[in-house]
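Undergrad: sharing a sequence plus its predicted fold:
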Number of protein chains: 2
Amino acid sequence: MAQANDLVDKLRAGDTRALARAVSLVENAAPESTDLLSACFPYAGKALRVGVTGAPGAGKSTLVDRLARMWREADSKVGVIAVDPTSPFTGGALLGDRIRMQHQQGDDGLYVRSMATRGSLGGLAGTTADVTQVIEASGRDIILIETVGVGQDEVEIVRLADVTVVVLIPGMGDDVQSLKAGIMEIADVFAVNKADRDGADRVEKEIRAMQSLGTPNAWVAPVVKTVGTTGEGISDLFAAVNQRRQWLAEDGRLEARRKVWWKQRMEGMLRQALMDQARAHGISDTEFEAHAERVAAGSEDPYKLIPALVAQAFAAPGRIR
Amino acid sequence: MAQANDLVDKLRAGDTRALARAVSLVENAAPESTDLLSACFPYAGKALRVGVTGAPGAGKSTLVDRLARMWREADSKVGVIAVDPTSPFTGGALLGDRIRMQHQQGDDGLYVRSMATRGSLGGLAGTTADVTQVIEASGRDIILIETVGVGQDEVEIVRLADVTVVVLIPGMGDDVQSLKAGIMEIADVFAVNKADRDGADRVEKEIRAMQSLGTPNAWVAPVVKTVGTTGEGISDLFAAVNQRRQWLAEDGRLEARRKVWWKQRMEGMLRQALMDQARAHGISDTEFEAHAERVAAGSEDPYKLIPALVAQAFAAPGRIR
């Protein structure tokens, strides 16, 4: 704990290398990560979390880059987490590296971190949440979280965000309709990027049409046309995000949102901790492997086995008290 | 248990309504579902599981339909599970209904079931696995599992399959490259559907190029051009799937695969069961909600709370033995 406090003191004092080390420890779920997160907790949760998501090739990185600059110009301290669920096959984490190279040199007010899933299933949203806590503790006002794609996994990451910007582009073809269903639910702001291309108006019109079909909501997501490469429309996008921020500040909306989020996150943490305990008390990996072999061969019934294993774990004499 | 055995006897005797009822009970995680799955277990695991996945609009349903017919002509009994992760926003489960309408009337050898996620996060792969067990117990030789998209969630569903067919189409645009990374790992067979359109050759060439970059694998996924609507190329696709089946039958490959799968599945089951136990022993939903509120307000440290809750659950006097 003393070590964790020491590292957190350093990263709070603006030591970027200490921050990078703390993030790595948390990302790799190192033994000291719980102490570290606990030491960060009092200083976290104060930043506005902005998620930016959309299909590959929509130009998210450029928009994130532009938004980060605008906040820096307004003297806000910014953290960027680029989550790249690219497979181990391609190496992953290309996105973040690109931003890092463009920027960061000489500006301690901007911290960029890229994370790859490395094929891990399920845990990415949790890791992103933990990394966010650490970066927030370093005194950031804004956390930008960039994720590729709009699958279930991304939806879970995006829950972490207070404001979610969904980036669409013209010319996505016939499939835009089917993609949009999932998108509508998570979008707080739409950016129609590459708006200098043909069809930007049509994309906007389609979004409006979908919105008119949905259940009436207190917040109707604004649609902003942008050209990330030239910077056109970025100040409108910036304004839309800040408008949402304002809205969240009213009537305890942000607090309510954060509470719902923490409940889900804590359930995930509980699930993981229970599993760790069970593993430590009676269900070793070797035993589990042997069970799996018997189940696959049809000689053991998993639907009877699992309840028995749980009973065994809970009854283990070596359990923690 | 007696009731469960009774229902399983009926569905094994070819009672389609009993099968549909059993699937519903399992899909909704009804109290009797564990007994039901346990009663199904001795009769499950014997079918070849064929996953069909790809982007929305790729024509997966039509291909599944065609393949199902070919197996029926070969006198194999077929089950189709159409998993539609469409959001509650659109109502979902359109796919399966479409197939159901085209087919099924009067043919007990083909059972089609559509499943929607209904916004449930994470649990879909498990539910699909359980439903597969029940349908297999009804004496199917082939289970076709159709999923939309190729996100993390779909990858998890697809793990269930012994053979995974990835459906691509010409004209997917610039993003095909980034999509393909994830696809390459799960594809055992590629179907380039709508191959009467321009660009089918290019898609094939791109797949080959990606394959040549990858780590050498004992199985190189064949690429088959199809036109689902006319039936062109379907017998080639059918042959490719059967070729993979042959390959899996050699050197204990299928057994090894199933073992790995069961280990993961059992971990998921264990995680869920532990959570249920914890909830029953000391961590009520109301308490959890109150904790979440305090954590969100910053007055309680979740990284200290969760270990304490786990200790409490394991030490609870009312635990099962």
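TA: That came through fine.
Undergrad: quick check: which ranges of the stretch 101-250 of chain A have low pLDDT?
TA: Along the stretch 101-250 of chain A, segments meeting pLDDT under 70 span A:101-105, A:116-122, A:149-154, A:172-183, A:214-217.
Undergrad: let's see it at 50
TA: For the stretch 101-250 of chain A, the stretches with pLDDT under 50 are A:101-102, A:119-122, A:174-178.
Undergrad: what are the ranges of the strands in it?
TA: For the stretch 101-250 of chain A, strands defined by DSSP state E, counting those that start in this stretch occupy the ranges A:110-116, A:142-148, A:163-168, A:189-192, A:223-225.
Undergrad: dump the ones you listed into TSV; add mean neighbour count as well.
TA: (Each C-beta comes from the backbone N, C-alpha and C, glycine too.) Formatted as TSV, the strands of the stretch 101-250 of chain A follow (neighbours: other C-beta atoms under 10 Å in any protein chain shown):
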stretch	mean neighbour count
strand A:110-116	23
strand A:142-148	26
strand A:163-168	27
strand A:189-192	27
strand A:223-225	21
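Undergrad: so can I have JSON lines of the ones you listed showing distance to residue A:251?
TA: Output for the strands of the stretch 101-250 of chain A, formatted as JSON lines (distance: least, C-beta to C-beta, whole Å):
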{"stretch": "strand A:110-116", "distance to residue A:251": "32"}
{"stretch": "strand A:142-148", "distance to residue A:251": "22"}
{"stretch": "strand A:163-168", "distance to residue A:251": "16"}
{"stretch": "strand A:189-192", "distance to residue A:251": "19"}
{"stretch": "strand A:223-225", "distance to residue A:251": "24"}
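Undergrad: so which of those is nearest chain B?
TA: strand A:142-148 (7.6 Å; C-beta to the nearest C-beta).
Undergrad: and the contacts of that closest one?
TA: Applying C-beta atoms under 8 Å, 6 or more residues apart in numbering or on different chains, the external contacts of strand A:142-148 come out as A:47-53, A:55-56, A:60-61, A:64, A:67-68, A:71, A:76-86, A:95, A:128, A:132, A:135-136, A:154, A:157-158, A:160-161, B:178.
Undergrad: what angle sits between that strand and strand A:163-168?
TA: 40 degrees (axes from the mean of the first three to the mean of the last three C-alpha atoms, to 10 degrees).
Undergrad: just the buried members of the contacts of strand A:142-148?
TA: A:47-53, A:55-56, A:60-61, A:64, A:67-68, A:71, A:76-86, A:95, A:128, A:132, A:135-136, A:154, A:157-158, A:160-161, B:178 (16 or more other C-beta atoms under 10 Å in any protein chain shown).
Undergrad: in strands only, show me these.
TA: A:48-53, A:78-84 (DSSP state E).
Undergrad: distance of the residue most central in space within chain A from residue A:127?
TA: A centroid search over chain A (C-alpha atoms, centre = their mean) returns residue A:157, at 3.5 Å, as the residue closest to the centre. Distance of residue A:157 to residue A:127, given as C-beta to C-beta, to the nearest Å: 10 Å.
Undergrad: now, which of the ones in strands among the buried ones among the contacts of strand A:142-148 sits nearest residue B:168?
TA: Of all these, residue B:168 sits closest to residue A:84, with 22.2 Å by C-beta to C-beta.
Undergrad: and stretch A:156-163, how far out from the chain middle?
TA: The chain centroid and the centroid of stretch A:156-163 are separated by 6 Å under C-alpha atoms, centre = their mean, to the nearest Å.
Undergrad: which ones are touching the residue nearest to the centre of chain A?
TA: With C-beta under 8 Å, 6+ apart, residue A:157 has these contacts: A:51, A:53, A:83, A:124, A:125, A:128, A:145, A:147.
Undergrad: might one say that the second one is in contact with residue A:186?
TA: What it means is residue A:53. Yes. Assessed by C-beta atoms under 8 Å, residue A:53 is found in contact with residue A:186 at 7.4 Å.
Undergrad: quick one, helices of chain A?
TA: A:2-12, A:16-27, A:33-40, A:60-73, A:94-102, A:124-137, A:152-158, A:176-186, A:200-213, A:234-249, A:253-280, A:285-296, A:302-315 (DSSP state H).
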